[in-house]
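# how would this look folded up:
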Amino acid sequence: MLVGLLLLCAGCGFQLRGSVEVPAEYNPLYVQSASDSLVRLAIKDLLVGSKVRLTEDRSEARLILRILSEQRSSRVAAVDANGKTLAYELHYVVRFDALDASGQQRVPPQTMDLLRNFDNADVEVLGKQLEEEMIYEDFATDAADRILMRLRAVLVPVGGDGGQ
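Residues are numbered from 1 along each chain as shown. Reported below is the predicted structural model:
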């Protein structure tokens, strides 16, 4: 029964989530961003083991993914009767686009705004700071995953292998 299930999954084109395909004419990929970009690091991690090759040489790239900006922000979401902050709303905004080797825009500039509530307990202040950093790292991974999905959707030719 297990073998039958594996054959069924292999035959239908099933791929694990995070499996990324970029058409051969856009491989290798260069990611242009700030050196401390969390999204860039997450993209590199997501592409490990995929058929997409990353290059550090922009002139070698056939597709240039530009992370135009990454911004963090927070605002108070809830306060108690004494005015003490009970929760924050964390935002992570990422802007990106993609160009082919000739400089023609393949993916127009797009913005993603990721949002999550963050409880602000009065205890374990250091732990809360670490938790907030982990949330922003999760945001970067989510943004990277969404960017790669959008690249695939836009770059795979219509009538091609885009229906998987």
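# Spell out which helix or strand contains the closest residue to Thr141 other than its chain neighbours, please.
Closest residue to Thr141 apart from its sequence neighbours, by CB to CB, 6 or more residues apart in numbering: Ala42 at 4.5 Å. In short, each C-beta sits where N, CA and C put it, glycine included. Using DSSP states H and E, Ala42 maps to helix 38-47.
# quick one on the thing from earlier: hang on, the residue nearest to Thr141 packs against Tyr136?
No. Counting by CB atoms under 8 Å, Ala42 stays clear of Tyr136, with 11.0 Å between them.
# Give me the more crowded residue out of these two.
Ala42 (21 against 16; other CB atoms under 10 Å).
# Quick check: the more buried one vs Val79, distance?
Note on Ala42: its distance to Val79, by CB to CB, to the nearest Å, is 33 Å.
# Arg95 now?
Per CB to CB, Arg95 is found 31 Å from Val79.
# the more surrounded of the two?
With neighbours defined as other CB under 10 Å, Arg95 and Val79 compare such that Arg95 has more, 15 against 12.
# nearest spatial neighbour of the more buried one, skipping sequence neighbours?
Closest residue to Arg95 apart from its sequence neighbours, by CB to CB, 6+ apart: Leu68 at 4.1 Å.
# gap between that neighbour and Phe96?
6 Å.
# intersection of neighbour lists for the two?
Pro109 (CB atoms under 8 Å, 6 or more residues apart in numbering).
# Of these two, which one has the most company?
Phe96 (27 against 14).
# so what's the more buried one up against?
By CB under 8 Å, 6+ apart, Phe96 lies in contact with Val39, Leu65, Arg66, Ile67, Leu68, Val107, Pro109, Gln110, Met112, Ile147.
# who's in contact with the closest residue to Leu54 other than its chain neighbours?
Excluding the flanking residues, the one nearest Leu54 by CB to CB, 6+ apart is Leu29, at 5.6 Å. Applying CB under 8 Å, 6+ apart to Leu29 gives the contacts Val22, Leu47, Val52, Arg53, Leu54, Thr55, Ala61, Arg62, Leu63, Ile64, Leu65.
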